[in-house]
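Enquirer: Please find the sequence and the predicted model below.
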Amino acid sequence: MKNSRSVGIPGGGSCSTATPGCVRVERADSCPQVALPAPQRAIGISKPAHIGIFLVLALFSAAMAAEGHSPPAKIQVAEGIYLFRTAPYGDVGLDGNSIVILSREGVLVFDSNGTPAAAAAVLAEIRKMTSQPVRYLVNSHWHWDHWYGAEVYKQAFPDIQIITEEKTRQMMMGPALEFNRPGIEKDLPGYLALIEKRIAKDEATNPPPAELPKLKALLEEDRAFVEQKKNVRHTFANVTYLNQLNIYMGEREIQVLHYDRAVTPGDSFLYLPKEKILVTGDLLVNPISYALSCYPTGWLNTLEKIDALEATIIVPGHGEVLHNKELLHATMDVFRVLQQQGKEDKAKGLDPDQARKRIMPGLHDLMVKITHDDPRLNQEFEVEVVDWYLHRVYDELNGPLSDDIGPIPAT
């Protein structure tokens, strides 16, 4: 599950966590269920820097071990190119995909995870694969599950070039921090307090519920996630670009691209023309893309241009690697329907919620292509794609959208 609008509270209630990278407990009337997915000297690095790398790894690896969180899974995408996927953090957080590209002259990382501990785990794996330094870090956009581990790379490699599109840097330095503040300062701590209250109640029960140990373990992992987020040293880009930045790193040609405002004002993605590999960030998520505060026309335009690239492998912002364009095409088709029919329904005087109810039956076949008719994914599709995208279609029809983070539609 990519993101949701509320976290269900054990025993009833909910708290708002629209912050990208937060997840929702589906049932608020029951106990949350835990369902987690399954030293050599560096050549070319001075002794102080080398020691610094291992201090960083030791510090943050200990944090991940302490929270009982499994390290990111490593999946080879192609020769010297790896995807790292992190399991959910209890029931409160998610991590974006992190991609590592090796070369004979250095390493490029695309997206630095949602916590420093996860980024350190990825860096530890990089150190096992190569003695080359990480020269470039590209963070795709401002959602906190994609860049909160940047400090790890900066500490380990002080000369690293951290790259974002210009507007993304601006968003990260102000609006994104303010958007995340209520979740960090109020919503998530409030949720943890309610779990603690539920645990205290269960401990006073004789005999205690069988799920009590699982609930305690969940609380510890949730706490660790919140602590990681609270204590992040926000590390911003020191290199920005507008439309395209080409990186030539050893045998690799890596195009860092931004076409238009799409999911956010400054989405970056990678294309490796020799390997025909596309790394999308949240421009495409497998299976459900996340349309809160998106830019409907720009997003569709971006996906259409991406479709024109000769990619044979697509690494999405979340989820498994894709070896065809079926999900890309289905997502584009959904956006086309929502733009066309949203415009028609608005002209007829229907509000976005009325339009959604009218449009949903006609989207059934496209939905099933994306969700494979999984009931939970069907629900997410209706809310996180159809409802949120359609509200932004209406907003766009009312006039040009600003770069401000849009509100969550009330449903």
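Expert: Arrived safely, thanks for sending.

Enquirer: where along the stretch 51-200 of the chain do the helices fall?
Expert: Taking DSSP state H, counting those that start in this stretch, the helices of the stretch 51-200 of the chain run over residues 116-129, 150-156, 166-173, 175-182, 188-203.

Enquirer: in the fourth one, what's buried?
Expert: Translated: helix 175-182. Within helix 175-182, the residues scored as buried using 16 or more other C-beta atoms under 10 Å are 176, 179, 180. The C-beta positions use only the backbone N, C-alpha and C, and glycine is treated the same way.

Enquirer: Could you do the last one as well?
Expert: By neighbour count, with 16+ other C-beta under 10 Å as the criterion, the buried positions of helix 188-203 are 188, 191, 192, 194, 195, 198, 199, 202.

Enquirer: Which elements pack onto the helix or strand that comes right after it?
Expert: Proceeding N to C from helix 188-203, the next assigned helix or strand is helix 212-230, under DSSP states H and E. In terms of contacts (3 or more C-beta pairs under 8 Å, 6 or more residues apart in numbering; DSSP states H and E), helix 212-230 is packed against helix 47-66, helix 188-203.

Enquirer: ok, now how distant is the closest residue to residue 203 other than its chain neighbours from residue 89?
Expert: Distances taken as C-beta to C-beta, 6 or more residues apart in numbering place residue 212 nearest to residue 203, at 7.0 Å, with adjacent residues excluded. Distance, residue 212 to residue 89, using C-beta to C-beta, to the nearest Å: 21 Å.

Enquirer: middle-most residue in the protein, spatially?
Expert: Nearest to the mean C-alpha position of the chain, by C-alpha atoms, centre = their mean, lies residue 96 at 3.4 Å.

Enquirer: List the buried residues of the helix or strand hosting residue 376.
Expert: Per DSSP H and E, residue 376 falls inside helix 375-380. Buried residues in helix 375-380, counted by 16+ other C-beta under 10 Å: 377, 378, 380.

Enquirer: Closest one to residue 229 out of those, please.
Expert: Distance to residue 229 across the buried residues of helix 375-380 (C-beta to C-beta) is lowest for residue 380, with 22.9 Å.

Enquirer: Helices of the stretch 201-350 of the chain, residue ranges please.
Expert: 212-230, 296-308, 326-347.

Enquirer: Residue 359: how many residues sit nearby?
Expert: Residues near residue 359, counting by other C-beta atoms under 10 Å, number 20.

Enquirer: Provide a list of residues in contact with it.
Expert: 337, 338, 341, 342, 345, 386, 390 (C-beta atoms under 8 Å, 6 or more residues apart in numbering).

Enquirer: one more time with 6 Å
Expert: The contact partners of residue 359, by C-beta atoms under 6 Å, 6 or more residues apart in numbering, come to residue 341.

Enquirer: what does residue 184 give?
Expert: Contacts of residue 184 by C-beta under 6 Å, 6+ apart are 229, 230.
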